[in-house]
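Peer 1: Quick one: sequence and predicted model below, then my questions.
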Amino acid sequence: MGMTDEEEIEKLPGVGPAILEKLKEAGYNDLMMIAVDTPKNLAEVAEIGESTAAKIIAAAKKAADVGGFETGDVILERRKTVAKLTSGSKALDELMGGGFETRAITEFFGEFGSGKTQLCHQLAVNATMPTSEGGLEGHTFMIDTEQTFRPERITQMAEAKELDPDDILKKIHVARAFNSHHQTLLVDKAFEMAKEFPVKMLVVDSLTAHFRAEYIGRGALAERQQMLNKHMHDLLRFGDVHNAVIAVTNQVAAKPDAFFGDPTRPIGGHIVGHTATFRIYLRKSKGGKRIARLIDSPNLPEAEAVFQVSEAGISD
Ligand code: ADP
Ligand code: MG
């Protein structure tokens, strides 16, 4: 073996230099990405015919050894590579079983002002810190759809931790997404940029705002969910490939009581809910306090934590 992914992709029947270039541009940089794609999608992003795409996918499936069950002990070994990022609040970290996990999507949902964006800022600051302090020693890519990223907030949070704000700001890469399509393309861009920077976190704030605004009415629902589903799976793959934390936000209407009995309330409903690994419902409490409720987790109990949002950022 010893071939690079690019060499392996180049060797696939049907992939010449021109198609290789298109695949690279579309962010396909390993065999598995091609192997698990659909002909329709690959044809579209690589601007090739659907039958060509199907042939390439079939060849990639052979070359990539897609099949395979693993025993629990092997999976346990891989689980050990999962790192945990601190939020700055002990209570919130405990709720999450020690911090926010890499290789997983964590969804913050809650009404306007509940602290979703503040948490994203804080996690981006914390991700730069040494692992011995609960950080990931890495950069953050942030897809900002509502233009709520504030470098001033990063500076405040960095100063509160006696970190050099300029140094921290250089490790947070922010892209504005102008619509939902642009938002999804920025994940491909993130894959590309990850070759250049040691990224350990990808944030999408807000995951759902553009989708909600653009796909209106019953007729558009299926398409919206399909697009959102693909976007979520791209994010999850990013988390897996780069052992990164994926944090996304989702705004919901301010009716917490009605909400729990009504799973259709958060935007993206079932799709976002089923693809996010952890879902945290945030709500405001008195005096800058926030309550986080862990709603859905593969291995942690449903529980609540109280934390604080202040000028210094997130704390207990
Ligand atoms: P959303 O859930 O809509 O993203 P945010 O995360 O932006 O909400 O939270 C906004 C809230 O965060 C503000 O209402 C305020 O309570 C708090 N906040 C923002 N900046 C500061 C600050 N510099 N000092 C203290 N609290 C702040
Ligand atoms: Mg926000």
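Peer 2: The structure has been received and is ready for your questions. Ligands and ions are numbered 1, 2, ... in the order given.
Peer 1: Just the pLDDT for the nearest residue to residue 290 once chain neighbours are set aside.
Peer 2: Across the structure, with C-beta to C-beta, 6 or more residues apart in numbering as the measure, the residue nearest residue 290 apart from its sequence neighbours is residue 115 (4.6 Å). C-beta coordinates here come from the backbone N, C-alpha and C atoms, glycine included. Looking at residue 115, its pLDDT stands at 96.
Peer 1: what number of residues lie near residue 115?
Peer 2: Under the neighbour criterion other C-beta atoms under 10 Å, residue 115 is assigned a count of 23.
Peer 1: just residue 30 next, same as before
Peer 2: Under the neighbour criterion other C-beta under 10 Å, residue 30 is assigned a count of 17.
Peer 1: so what pLDDT did it get?
Peer 2: pLDDT, the model's per-residue confidence, is 75 for residue 30.
Peer 1: Same check on residue 83?
Peer 2: Among the per-residue scores, residue 83 holds a pLDDT of 97.
Peer 1: My read is that it contacts residue 102, right?
Peer 2: Yes - counting by C-beta atoms under 8 Å, residue 83 touches residue 102, with 4.7 Å between them.
Peer 1: Check the stretch 51-200 of the chain for the residue nearest ligand 2 and tell me.
Peer 2: Nearest residue of the stretch 51-200 of the chain to ligand 2: residue 117, at 3.2 Å (C-beta to the ion).
Peer 1: Give me the three-state assignment for the residue nearest to that residue when sequence neighbours are not counted.
Peer 2: Distances taken as C-beta to C-beta, 6+ apart put residue 148 closest to residue 117, at 4.9 Å, once the chain neighbours are dropped. Per DSSP: H, G, I helix; E, B strand; the rest coil, the secondary structure class of residue 148 is coil.
Peer 1: Look up how far residue 121 lies from residue 148.
Peer 2: For residue 148, the distance to residue 121 equals 9 Å [C-beta to C-beta, to the nearest Å].
Peer 1: same thing with residue 153?
Peer 2: The gap separating residue 153 from residue 121 is 5 Å, by C-beta to C-beta.
Peer 1: With neighbour numbers in mind, choose between the two.
Peer 2: Ranked by neighbour count (other C-beta under 10 Å), residue 153 and residue 121 place residue 121 first, with 24 against 19.
Peer 1: quick one: that one is in a strand?
Peer 2: No - with the criterion set as three-state DSSP, the secondary structure at residue 121 is helix rather than a strand.
Peer 1: Isn't it up against residue 157?
Peer 2: Yes - using C-beta under 8 Å, residue 121 makes contact with residue 157 at a distance of 6.3 Å.
Peer 1: and whichever helix or strand residue 51 is part of, how far from the chain's centre?
Peer 2: Here residue 51 is covered by helix 50-64, with elements defined by DSSP states H and E. Using C-alpha atoms, centre = their mean, to the nearest Å, the mean C-alpha position of helix 50-64 is found 27 Å from that of the whole chain.
Peer 1: Beyond that helix, next helix or strand please.
Peer 2: Using DSSP H and E, the next helix or strand after helix 50-64 towards the C-terminus is helix 72-79.
Peer 1: which residues touch the following helix or strand past that following helix?
Peer 2: Helices and strands here follow DSSP H and E; after helix 72-79, the next one along the chain is strand 84-85. Outside of strand 84-85, the residues within contact range by C-beta atoms under 8 Å, 6 or more residues apart in numbering are 93, 96-102, 123, 126-127, 134-136, 200-201, 245.
Peer 1: from these, which would you call buried?
Peer 2: Neighbour-count burial (16 or more other C-beta atoms under 10 Å) applied to these gives 93, 96, 99-102, 123, 126-127, 134-136, 200-201, 245.
Peer 1: Count residues in the vicinity of the residue nearest to residue 117, would you?
Peer 2: Residue 148 has 15 neighbours, counted by other C-beta under 10 Å.
Peer 1: and if you look at the one 3 residues further on?
Peer 2: Under the neighbour criterion other C-beta under 10 Å, residue 151 is assigned a count of 13.
Peer 1: give the contact list for it.
Peer 2: Contact analysis of residue 151 by C-beta under 8 Å, 6+ apart lists residue 169.
Peer 1: Show me the longest helix that occurs in the chain.
Peer 2: With residue count as the measure and DSSP state H as the assignment, the chain has helix 218-241 as its longest helix.
Peer 1: Return the alpha-carbon coordinates of the following helix or strand past that helix using CSV.
Peer 2: For helix 218-241, the following helix or strand on the C-terminal side (DSSP H and E) is strand 245-251. Only the C-alpha atoms of strand 245-251 are listed here, as CSV (Å, rounded to 0.1, in the frame of the first residue of the first chain):
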residue,chain,number,x,y,z
VAL,A,245,-16.0,18.9,18.0
ILE,A,246,-19.0,19.9,15.9
ALA,A,247,-21.2,22.5,17.5
VAL,A,248,-24.4,23.7,15.8
THR,A,249,-27.2,26.0,17.0
ASN,A,250,-30.9,25.9,16.4
GLN,A,251,-33.3,28.5,17.4
